[in-house]
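In: Structural data only, the sequence is not supplied:
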């Protein structure tokens, strides 16, 4: 389906003046949120459920209405192509995911997909066709709530997981990704990963408080933090809280308390970019009048720089040794995941930066603390991300909230970065 | 049933030379341990089960064979009376409990009952009758494993609980104390608490490491620690571990870690007698990549001095305020139990001290860290306790272990303290 007006090379001024439609973007997000709407104002649209199917149907209908062809790969990833003028160029992808957490919000993922749609709608209504094709992408099962792990289908696309691994992931009721794709009619024929992309841009709410705190409206995301995840077990000695004097105790929880604080101190030593968190902790026997004999806990270290992450790991080992010696408690530390930092493509990041600057949006370069489909895709395709503020940094929560003008700013930035990457250098790229 | 030889006033020298039979005491403890024996070398003889009945039957048979009459009160407390010469004197009780933890040891409670039996056996075989009667006592449901709370029937005896409250306590299957007493044939007619005692002595393994650490064999127990139990709730804010910078976090677990260490510091400020322990702790949402928004934990403070316990409570309030201010975390502290210290009767304690000294046993005055039937009974009857070492201070564990010579020392101390309190001042009381 061709653009409404015949494609032609638009003037640089016309491109530079192009803006998305804030109300249309907002209304689309609100319409999508109705599918699986929760009483508390969020959405529950778990991957490959009937709600996810309904969301996909609405999305693909909108795409078709704006001149796109729909392609679906074997993992159900949707590529809605808005044709380019130059058949030899690889498409520029824009997207994220339409699935949500069980008590999810209206914006996490959805904004990135519908911002891509809004870019295409804006071009389509203005009769503009870029040199490279554009593709609006919905990646399957980003959240991982129904099928673990998260970022599943973008991970297969990037070659991090095998397709068979992904297709056989099962939910709590034993239903598989493959079976559910068949059931909802989104098991495509194209092998996942075969679909070519020249670049990929993902707009997303920040899910953190930094932009809001600084009064900025666009985050130019240069990459994603590296991450090291540990399981730590502390073994002391159970004994009676009343009859065991303080000297000579081997209290695993007091030792764990020291390490919990150490994790915070280590992050402080690598401020401002490091974070360190104990999120999960179990005490045994967990009885009011028994000194804890065992504690198991997680530790999550993140930093955008691989060398800093290695130094944090070294400091952890030293502090564990110190606690072990001071407390007479056995401590084992197992690293269960080491995900190196992701550095987004310099040209893609520059495209986003130029767009935000030219549009006059207060912005900052930042590193994503959370994982996103873009972090997977970046292993294969030149990629960048655009963040917009969300209220209080709250996400994965029905209370997730974002301002229409911030979403508009993110979509305008996406529009001009995509124009730039799709070969329309006059758009936002060079003044 | 009279003693084997006619009762008469024995000579002071004969009394002073009297000793229990180590092998008989040990063999009786081992025989009792066979009832409900566990594969790992302990015993499972939960209150008012068939195993408890079998233990009671063996115990009362042994008592009858040594000249005792058996009385049972409405809570199933057993008073096995060895008659005295002076019908006007109140009996001196010696005892503890025969019930065990689910994975209990052979000694906790059992030693105190069978040490009392061994005292009576020693007197009986030597044809000695004391001025006051002696009574060997088995208190019902000390452990509290099957029916909460612990020290139930001694608590009713002391007037701390109503009999109806105790009789209606139910186990996990809904069976009540009253029903189970009927079932096993130990629902006596005497109102609990009506049975008169002139004094009460409880021998017990220490359940702590102090005697063993100092190479002493008898603990002269002067009382029991007071105890204040708290439930503490810390409310911070859930957020993403990756995208939430360290400044501005409201991590309930880091705040809890500070308080866990504070509890240890407060106990240190009131060394050597204070103890402070967080035994139970739950984290919410307890997810590896979510900053903990809520922590609930217990706190157990103990000290033998009521004023010190009050100061510890005051320090806790100050430290909670400091953490609240420093962390922006809401903290509520609820005191759920405040049990004042128990001070045993000076004359009873002196009787134990004199006996241990005259017998030449290395001993120390100490305060019980754990609760015992004696701590309840002491609210009503002049009471003292005798501790003996147990290996590593380990108790409530199938690995619980005690040396025959230490048990012998405890029983000899009980013998001579009981003789003293029962009117035989020449025994161990005055050189």
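Out: Structure's in. What do you need? As the structure is a prediction and not an experimental result, all values here were calculated from the model. Residues are numbered from 1 along each chain as shown, chains lettered A, B, ... in the order given.

In: mind showing which ranges of chain A have poor pLDDT?
Out: Counting by pLDDT under 70, the ranges of chain A that qualify are A:1-9, A:425-431.

In: That one: helices as residue ranges?
Out: With DSSP state H as the criterion, chain A has helices at A:12-16, A:22-33, A:50-65, A:110-125, A:152-157, A:163-167, A:177-184, A:210-214, A:252-269, A:306-327, A:346-359, A:373-377, A:404-421.

In: Nearest to residue B:423, out of those helices?
Out: Closest approach to residue B:423 among these (C-beta to C-beta): helix A:252-269, 50.2 Å. C-betas here are computed from N, CA, C, even on glycine.

In: Wondering if that closest one reaches chain B at all.
Out: Yes - against chain B, helix A:252-269 shows contacts by C-beta under 8 Å from any C-beta of the partner chain at A:253-254, A:256-258, A:260-261, A:264, A:267-268.

In: Let me know the closest of those to residue A:156.
Out: residue A:267 (32.6 Å).

In: what's the closest one in contact with, if anything?
Out: Going by C-beta atoms under 8 Å, 6 or more residues apart in numbering or on different chains, residue A:267 touches A:274-276, A:301, A:312, B:246.

In: Provide the count of other residues in contact range of the residue of the stretch 1-150 of chain A found nearest chain B.
Out: Taking C-beta to the nearest C-beta as the measure, the stretch 1-150 of chain A has residue A:150 as its residue closest to chain B, at 9.7 Å. Close neighbours of residue A:150, defined as other C-beta atoms under 10 Å in any protein chain shown, add up to 20.

In: Over to residue A:336?
Out: For residue A:336, the neighbour count with other C-beta under 10 Å is 11.

In: That one and residue A:299: what is the separation?
Out: 10 Å (C-beta to C-beta, to the nearest Å).

In: still on that earlier bit, in contact with the residue of the stretch 1-150 of chain A closest to chain B, which residues are there?
Out: Per C-beta under 8 Å, 6+ apart, neighbours of residue A:150: A:141-144, A:371.

In: Buried ones among the residues of helix A:252-269 next to chain B?
Out: A:253-254, A:256-258, A:260-261, A:264, A:267 (16 or more other C-beta atoms under 10 Å in any protein chain shown).

In: Can you report how many residues neighbour residue A:369?
Out: By other C-beta under 10 Å, neighbour count at residue A:369 equals 24.

In: I should have written residue A:275 there, sorry.
Out: 28.

In: Assess the claim that it and residue B:245 are in contact.
Out: Yes - contact criterion C-beta atoms under 8 Å: residue A:275 and residue B:245 qualify, at 6.9 Å.

In: Skipping adjacent residues, who's closest to residue A:324 in space?
Out: The spatially closest residue to residue A:324, leaving aside those adjacent along the chain, is residue A:331, at 5.0 Å (C-beta to C-beta, 6 or more residues apart in numbering or on different chains).

In: Could you do residue A:343 as well?
Out: Closest to residue A:343 by C-beta to C-beta, 6+ apart is residue A:223, at 4.4 Å.

In: I figured the one you found was touching residue A:371, is that so?
Out: No - counting by C-beta under 8 Å, residue A:371 is not a contact partner of residue A:223; they are 11.9 Å apart.

In: so what's the residue nearest to residue A:343 bridging to?
Out: Using DSSP bridges, the bridge partners assigned to residue A:223 are residue A:343, residue A:367.

In: Would you enumerate the residues in contact with it?
Out: Residue A:223 touches A:304, A:341-344, A:367-368, A:378, counting by C-beta under 8 Å, 6+ apart.

In: and what of residue A:299?
Out: Counting by C-beta under 8 Å, 6+ apart, residue A:299 has contacts A:229-232, A:259, A:263, A:276-278, A:316.

In: so what's it bridging to?
Out: Residues in beta-bridge contact with residue A:299 (DSSP bridges): residue A:230.

In: Okay, residue A:317 and residue A:323: tell me how far apart.
Out: The value you get for residue A:317 to residue A:323, if C-beta to C-beta is used, is 11 Å.

In: out of these two, which sits in the more crowded spot?
Out: Taking other C-beta under 10 Å, residue A:317 and residue A:323 do not tie; residue A:323 has more neighbours (20 against 10).

In: Check whether that one really touches residue A:259, as I assumed.
Out: Yes - shown here, residue A:323 and residue A:259 form a contact pair, counting by C-beta under 8 Å, at 5.8 Å.

In: I'd like the distance between the residue nearest to the spatial centre of chain A and chain B.
Out: The structure's chain A has its C-alpha centroid closest to residue A:372; by C-alpha atoms, centre = their mean the separation is 2.2 Å. The gap separating residue A:372 from chain B is 10 Å, by C-beta to the nearest C-beta, to the nearest Å.

In: Need phi/psi at the residue lying farthest from the centre of chain A.
Out: What lies farthest from the middle of chain A is residue A:243; by C-alpha atoms, centre = their mean that is 51.5 Å. Main-chain torsions, residue A:243, degrees, to the nearest 10: phi -100, psi 10.

In: Look up how far residue A:417 lies from it.
Out: Computed as C-beta to C-beta, the residue A:243 to residue A:417 distance reads 68 Å.

In: and the closest residue in space to residue A:50 that isn't next to it in sequence, what does it touch?
Out: Spatial nearest neighbour of residue A:50, excluding adjacent residues (C-beta to C-beta, 6+ apart): residue A:184 at 7.2 Å. Residues in contact with residue A:184 (C-beta under 8 Å, 6+ apart) are A:48-50, A:52-53, A:56.

In: Residue A:23 now?
Out: residue A:404.

In: and the closest residue to residue A:258 other than its chain neighbours, how far is that from chain B?
Out: Once flanking residues are discounted, residue A:258 sits nearest to residue A:323: 5.1 Å by C-beta to C-beta, 6+ apart. Note on residue A:323: its distance to chain B, by C-beta to the nearest C-beta, is 12 Å.

In: and if you look at residue A:270?
Out: Counting by C-beta to the nearest C-beta, the gap from residue A:270 to chain B is 10 Å.

In: If we ignore the residues flanking it in sequence, what's nearest that residue?
Out: Among residues not flanking residue A:270 along the chain, residue A:308 sits closest, at 5.2 Å (C-beta to C-beta, 6+ apart).

In: Residue A:385 versus that neighbour, what's the distance?
Out: According to C-beta to C-beta, residue A:308 stands 21 Å off from residue A:385.

In: same check, this time on residue A:260
Out: Taken as C-beta to C-beta, the span from residue A:260 to residue A:385 is 31 Å.

In: Just give me the neighbour total for residue A:16.
Out: Residues near residue A:16, counting by other C-beta under 10 Å: 18.

In: swap in residue A:103?
Out: Using other C-beta under 10 Å, residue A:103 has 16 neighbouring residues.

In: Just the residues contacting stretch A:32-39, thanks.
Out: Applying C-beta under 8 Å, 6+ apart, the set of residues contacting stretch A:32-39 is A:42-45, A:49, A:51, A:54-55, A:58-59, A:98, A:100, A:103, A:106, A:110, A:114, A:398.

In: rerun that using 10 Å as the cut-off
Out: A:30, A:41-46, A:49-59, A:62, A:98-100, A:102-107, A:110-111, A:113-114, A:117, A:398 (C-beta atoms under 10 Å, 6 or more residues apart in numbering or on different chains).

In: With stretch A:160-167 instead?
Out: For stretch A:160-167, contacts defined as C-beta under 10 Å, 6+ apart pick out A:73-76, A:140-141, A:147, A:149, A:151-157, A:168-169, A:176-182, A:187, A:191-193, A:375-376, A:379-380.

In: Narrow those residues to just the buried residues.
Out: By 16+ other C-beta under 10 Å, the contacts of stretch A:160-167 give A:73-76, A:140-141, A:147, A:151-157, A:169, A:176-181, A:187, A:192-193, A:375-376 as buried.
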